[in-house]
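> What shape does this take:
(2 chains, ligands or ions: 4)
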Amino acid sequence: MIVLEHASVYYGAGSKRVAAVRDVSLRVAEGEAFGLVGESGSGKSTVLRAIAGLIPHAQGVVRLAGLDMGARRPTASRRMAQMVFQDPYGSLHPNQTVDQTLSMPIAIHKLGDADRRVPAALAEVGLGREHRFRYPHQLSGGQRQRVAIARALILQPRILLLDEPTSALDVSVQAEILNLLTRLRRELGLTMLMVSHDLAVIAHLCERIGVMSGGELLETTTADALAAGAVSHPYTQALLRSNQGFDASSITAA
Amino acid sequence: MTDTLLSVRNLRVVYPGDDGDFHAVRDVSFTLGRERLGIVGESGSGKSTTGRAIMGLVAPPGRITADEMRLGDLDLTRMNEAGFRKLRGKRIAMVLQDPKYSLDPVMTVGDQIAETHRQHVNAGRKAARLAALEMLEAVQIRDPERVYGLYPHQVSGGMGQRVMIAMMLIAGPDILIADEPTSALDVTVQTQVLAIMDNLVRSRGMGLILVSHNLHLVSSFCDRVLVMYAGRVVETCAAGDLANARHPYTRGLLAALPELGHRRAELPQLQRDPAWLEGSL
Ligand SMILES: Nc1ncnc2c1ncn2[C@@H]1O[C@H](COP(=O)(O)OP(=O)(O)OP(=O)(O)O)[C@@H](O)[C@H]1O
Ligand SMILES: Nc1ncnc2c1ncn2[C@@H]1O[C@H](COP(=O)(O)OP(=O)(O)OP(=O)(O)O)[C@@H](O)[C@H]1O
Ligand SMILES: [Mg+2]
Ligand SMILES: [Mg+2]
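Numbers count the residues shown, from 1 in each chain, chains lettered A, B, ... in the order given. Ligands and ions are numbered 1, 2, ... in the order given. Purely as a prediction, here's the structure:
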């Protein structure tokens, strides 16, 4: 469903040009959930942006559902992959009601029938009619994140790109959102690519997990291998240790 | 370890609203020694408000009352804004949840740290600059010289958080309240930042209050933990015993955590019981 072959992505131009993603290849099958972990600035969000078509890839191939994505995408293929952003506070416009937020993509993609689609999308993420005309500040963090997911779902994508969908949420709301994602994947057969720095969260949802560093994909492992501690890369090992909580011995004497 | 830096008894914070008063913090009591105290609890349970009350940072119309709130020999319940201003930074410091909003947007981050240093010790410009650079290095900023000259909008989320921590630590406070100090940091940097704070507790006898959603982190890093629900402390326990917590709310939070190597089809969601609003265990 998602194929990257030797894909590279750059920011800026001229002497300020930086390679944020370098020569990354990966494949995610239809209905599969793939996780991306890695240090801050390693290019995780950039990979998602390139797949969503929010930023062009300079080299390599991005293929979604068998179609090569060029620099300019037809509207139909832009619908196919939708993204849920890192920050549930920043990603919703504070002056727009839930209804306005969800109607916008319908208008842009000229789908029509907003009066049926908006309540249906809300129901899909477990929100009621009473939430439809609220502003973001009248919703809890978990409800806001549900709205962000509803906005992605309203275009009926086949791929959902999730950038740290639960890291700003407390554990009870996180459980709510993870259960929601599990259900959506089962019921809609969505293909998911998720970024998180919490290994337990990633391993809960994803079967396979890629580890990034410095713009490159270092290794691909599985949730089971992680659980068994069978990882080879030092960064992955450090990640695994920090998942157990604070361990002073993991800090190199400096 | 035993001497008390801060004692709080029956702290209440009320925000007046259109439909009556909202009790954000209800009868919270605890003491803080030269230790690492964790505060956990779901969003909206009053963790940040508790920290802000100790700092004198609850703005009107919010109201604070307490039977006792004492910092060393100082009675904080009688402190006015001018008094708090003298304490803040020097004796108690707080790393806020949204670091970017608490930095001055028109001053480079390095100058802000140096300025803080000068406010608290009698140092010249050059010495302050050096101290700021050292502190940036201490919080694991890779290229301190370059970052010194950046403005807040030019640093990433994780860097902003470390800059805030550097600014708080350079003043050498007795008590540091760290509100989700590592939530924007990737795990390896997070461990290093915690180690810096840990070191200050051990070597200088600082008292640390760590507010966090991350139950694993709090139970492995702190000495004791307060669990807050709807403005109340519902349970206090030794951090290492958090896994054996007795309160059904705490147990519910623990159960909601996904676990590596123990995948469940569905995570149990918290079922709230109205009885939790009464008293504590
Ligand atoms: N708009 C931009 N202009 C220039 N550089 C950018 C831009 N966005 C990201 N970068 C750089 O690209 C690199 C990769 O960034 P990216 O956001 O993909 O990292 P990430 O892995 O998602 O990190 P985090 O875990 O902190 O979110 C970083 O070095 C970053 O500084
Ligand atoms: N200035 C204010 N006016 C009115 N209500 C407020 C104000 N500040 C906070 N509150 C309310 O007080 C309660 C406690 O808020 P607080 O910020 O202390 O929660 P928290 O435990 O830190 O949550 P989080 O984990 O989301 O940061 C919340 O219900 C919040 O909406
Ligand atoms: Mg990112
Ligand atoms: Mg808070």
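> give the contact list for the spatially most central residue of chain B.
For chain B, the residue nearest the mean C-alpha position is residue B:178 (2.4 Å; C-alpha atoms, centre = their mean). Residue B:178 is in contact with B:94-95, B:165, B:197, B:208-211, counting by C-beta atoms under 8 Å, 6 or more residues apart in numbering or on different chains. In short, each C-beta sits where N, CA and C put it, glycine included.
> how about 6 Å then?
Applying C-beta atoms under 6 Å, 6 or more residues apart in numbering or on different chains, we find residue B:178 in contact with B:95, B:210.
> the helices in the stretch 151-281 of chain B, which residues?
B:157-170, B:187-204, B:215-221, B:248-255 (DSSP state H, counting those that start in this stretch).
> go on, chain A?
With DSSP state H, the ranges of helices along chain A come out as A:44-52, A:75-80, A:98-108, A:114-124, A:141-153, A:171-188, A:199-205, A:223-227, A:234-243.
> of all these, which lies closest to ligand 2?
helix A:141-153 (6.5 Å; C-beta to the nearest ligand atom).
> Can you confirm whether that closest one lies near chain B?
Yes: against chain B, helix A:141-153 shows contacts by C-beta under 6 Å from any C-beta of the partner chain at residue A:141.
> can I get the helices of the stretch 151-281 of chain B in CSV with mean pLDDT?
CSV is the format used below for the helices of the stretch 151-281 of chain B (pLDDT from 0 to 100):
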stretch, mean pLDDT
helix B:157-170, 83
helix B:187-204, 82
helix B:215-221, 90
helix B:248-255, 93
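> Ok, which of those comes nearest ligand 1?
So among the helices of the stretch 151-281 of chain B, helix B:157-170 is nearest, using C-beta to the nearest ligand atom, at 5.9 Å.
> How far off centre is the closest one?
13 Å (C-alpha atoms, centre = their mean, to the nearest Å).
> Please name every helix or strand in contact with it.
Where contact means 3 or more C-beta pairs under 6 Å, 6 or more residues apart in numbering or on different chains; DSSP states H and E, helix B:157-170 is packed against strand B:92-95, helix B:109-120, helix B:125-138.
> Now the longest one: average pLDDT?
Per-residue pLDDT over helix B:125-138 has a mean of 92.
> Kindly report the same for stretch B:96-103.
For stretch B:96-103, mean pLDDT is 69.
> Next, the distance between the ends of it.
Taking C-alpha to C-alpha, to the nearest Å, stretch B:96-103 runs 10 Å from one end to the other.
> what does stretch A:200-214 give?
23 Å.
> Tell me, please, where in the chain the pLDDT is lower than the cut-off.
Because you didn't say which chain, this covers chain A. Scanning chain A for pLDDT under 70 picks out A:87-90, A:248-254.
> Switch to chain B, please.
Checking chain B against pLDDT under 70 turns up B:1-2, B:97-101, B:157, B:182-185, B:279-281.
> All the strands of it, in order from the start?
For chain B, the strands defined by DSSP state E occupy B:6-17, B:20-32, B:36-40, B:63-65, B:68-71, B:74-75, B:92-95, B:175-179, B:207-211, B:224-229, B:232-238.
> Switch those over to TSV; also include distance to ligand 1.
Listed next are the strands of chain B as TSV, based on distance: least, C-beta to the nearest ligand atom, whole Å:
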stretch	distance to ligand 1
strand B:6-17	33
strand B:20-32	31
strand B:36-40	24
strand B:63-65	36
strand B:68-71	36
strand B:74-75	40
strand B:92-95	18
strand B:175-179	20
strand B:207-211	21
strand B:224-229	28
strand B:232-238	33
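> Give the burial count for residue B:160, as a bare number.
Neighbour count for residue B:160, taken as other C-beta atoms under 10 Å in any protein chain shown: 22.
> Would you check how far apart it and ligand 2 are?
Remark: distance between residue B:160 and ligand 2 (C-beta to the nearest ligand atom, to the nearest Å) = 17 Å.
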